[in-house]
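Q: The sequence and its predicted three-dimensional model are supplied below.
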Amino acid sequence: MFSNVTTPSSAATPEPDGLWFGKDLSQPEPIPQEAIERAVAMMRSGRLHRYGEQGSGYPEPSLLEQEYAAYLGSRYCVAVSSCGAAMFIALKALGVKAGDKVLTSTFTLSPVPGAIAHAGAEAILIETDADYLTDMADLERKVASSGAKVFLLSHMRGHIADLRAVKAVCDSYGITIVEDCAHTMGAKWDGKHTGTWGKVGCYSAQTYKHINSGEGGLLVTDDEDVAAQAILMSGCYMMYDQHLLKPSTAVFERWKYVTPNFSMRMSNLAAALLRPQIGMLAERGRRWNHIYATLERELTKAERVSIPARDAKEEFVASSIQFTLDLKPQQIAHFLKQCDLRGLYIKWFGTPAPVAFTSNYEHWHYLTGKPDIPNSKAVLDQLLDLRTPLSLTEEDCVLIGKIVSTASALACAVA
Ligand SMILES: Cc1ncc(COP(=O)(O)O)c(C=O)c1O
C-alpha cells in the first residue's frame, strides 16, 4: 500500500451494519489486445522515437494524429507527452509571455495552474458555481477587468459549461479560449466536440483518462500558426515532414528559427497503444454514462446528498461522479472515515491538505496574487468525488449508495 493512500484501509473488523465494498476504484481497463500486439511489434523493431532519420511511411503518432483529428473534425492534431504539455505548448504558441495574466477555472486539477506557471504567467481564477461550472457573472467581470488575453477553461471532471455563452463573452473581449479536455474526450456541447469550441483543445491519455497509454497528450487546433509552433515546440527536430497533418512549408518557415524545442513529443509506443482505443470511445462512453445514471440514482437516496442536473446540451462522458454533501467540514471528514471503514474510498475537494490527485487552489502557494473568488470555496468544501471504473456493476452501485447513505446519516449525528 502506498503511503498517500488512494484505496481504502482494509477493515480489521467489519462495521456492525456489515457493509463492505473493498473494490479498487482506480483499476483501469486492460489495454486492448490489438494495441498490445502493435506495441510488442514496435518494441521488436527498436524504433520507439517518432522521428526516424531514414525509412518510409508515417510513424504511429502521425497516424494517431490523423485519426484523432478525423474523429473530432479538426484540421490539425499534435501528439505530445501529456495534457499538461499540450496546455503549456498552447499557451506559448498563443504568445503568452512571462508575467502575462491567464484566466482559468478554479475547479480544476493542479496541472492546469501548473501549465500557466510553466509559461511564467499568472493565473486569474474564475469562480465555480453550485453546478461545478464556470460562473458566468465572474467570467464577464474578469474578461473585462483582468487584462488577460487567454482563458484556459477546464472541463473539470467532465462538467461542461454553456460553451456558446462562454465563447460569446470571450469573443466580445478578444479573449482566446484554450480548452482543457482531460476529462471530456468524446464529449460534446450542443452536438460539437469539446476541444473544438476554442482555438486549442488539449487532451490526456494518462492512465485515468478515456484512453490510456500511461502518459500522453493530444493538442488539436484549426490554426496553422498554432499547429506549426506546436510541432516545433513538441520537439520535431525539423522533421515536420513526417507529420501527415501539417501546415505548409511557408508556415514552418515563419516559425522554425524563432521557436524553441521543448522536447514534449509522444513516443511511437504510446501512439501504438492509443490508436486502437479511439474506436472504443463511443462504447466506453455509453458504459460510463450508464454507471453514472445508476450511481446518481443510488447516491441521491442519501441524506444531504445532491447532484446537479445536467443540461440537455451537455453530452458528457462520465468517468467519475461528483456530489455535494451539505454538511460542515468536520462532518464530511467523519463521513469519509465511515466510508473508508466500509472499504469505499471517496475524494474530497475541500480536503485541508492535498492528497492523491485531489488538491484545490488553497494548496497552490505558487499562485501569485490573492485569488478573488469568494464563492468557490463553499462549493469545493462540500464537493466529493468517486472514480467510476467500467468494471462497476449494478450491485456495486447499489452497495456504494447504501454505504454513502449510512455514512451520511452517521455524519449528520456529529455536532
Ligand atoms: C482536469 C485535468 N486537466 C489536465 C490534466 C493533465 O493531464 P496529464 O496528466 O496528461 O498532464 C489532468 C490530469 O489528471 C486533469 O485532471
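A: Good, I have the coordinates.

Q: Quick one: neighbours of S145, just the number.
A: Neighbour count for S145, taken as other CB atoms under 10 Å: 11. No exception for glycine: its C-beta is placed from N, CA and C like everyone else's.

Q: Who are the contact partners of the most centrally placed residue in the chain?
A: Central residue of the chain (CA atoms, centre = their mean): A182, 2.5 Å from the mean position. Going by CB atoms under 8 Å, 6 or more residues apart in numbering, A182 touches 83, 109, 111, 154-155, 202-204, 206, 209.

Q: quick one: which of these is nearest L94?
A: Of all those, L94 sits closest to C202, with 12.1 Å by CB to CB.

Q: unless I'm mixing things up, the closest one is touching F88, no?
A: No - if you go by CB atoms under 8 Å, C202 and F88 don't touch, sitting 9.2 Å apart.

Q: can you redo the contacts of A182 as JSON lines with distance to the ligand, pLDDT and neighbour count?
A: As requested, these are exported to JSON lines (distance: CB to the nearest ligand atom, whole Å; pLDDT from 0 to 100; neighbours: other CB atoms under 10 Å):
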{"residue": "C83", "distance to the ligand": "3", "pLDDT": "98", "neighbour count": "28"}
{"residue": "L109", "distance to the ligand": "4", "pLDDT": "96", "neighbour count": "22"}
{"residue": "P111", "distance to the ligand": "4", "pLDDT": "97", "neighbour count": "22"}
{"residue": "S154", "distance to the ligand": "5", "pLDDT": "98", "neighbour count": "27"}
{"residue": "H155", "distance to the ligand": "8", "pLDDT": "98", "neighbour count": "27"}
{"residue": "C202", "distance to the ligand": "7", "pLDDT": "99", "neighbour count": "32"}
{"residue": "Y203", "distance to the ligand": "8", "pLDDT": "98", "neighbour count": "30"}
{"residue": "S204", "distance to the ligand": "3", "pLDDT": "98", "neighbour count": "28"}
{"residue": "Q206", "distance to the ligand": "4", "pLDDT": "97", "neighbour count": "18"}
{"residue": "K209", "distance to the ligand": "7", "pLDDT": "95", "neighbour count": "20"}
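
Q: tell me which of those residues is nearest to K188?
A: H155 (11.0 Å).

Q: Report the separation between the residue lying closest to the closest one once chain neighbours are set aside and the ligand.
A: Distances taken as CB to CB, 6 or more residues apart in numbering place T184 nearest to H155, at 4.3 Å, with adjacent residues excluded. To the ligand, T184 is 9 Å away according to CB to the nearest ligand atom, to the nearest Å.
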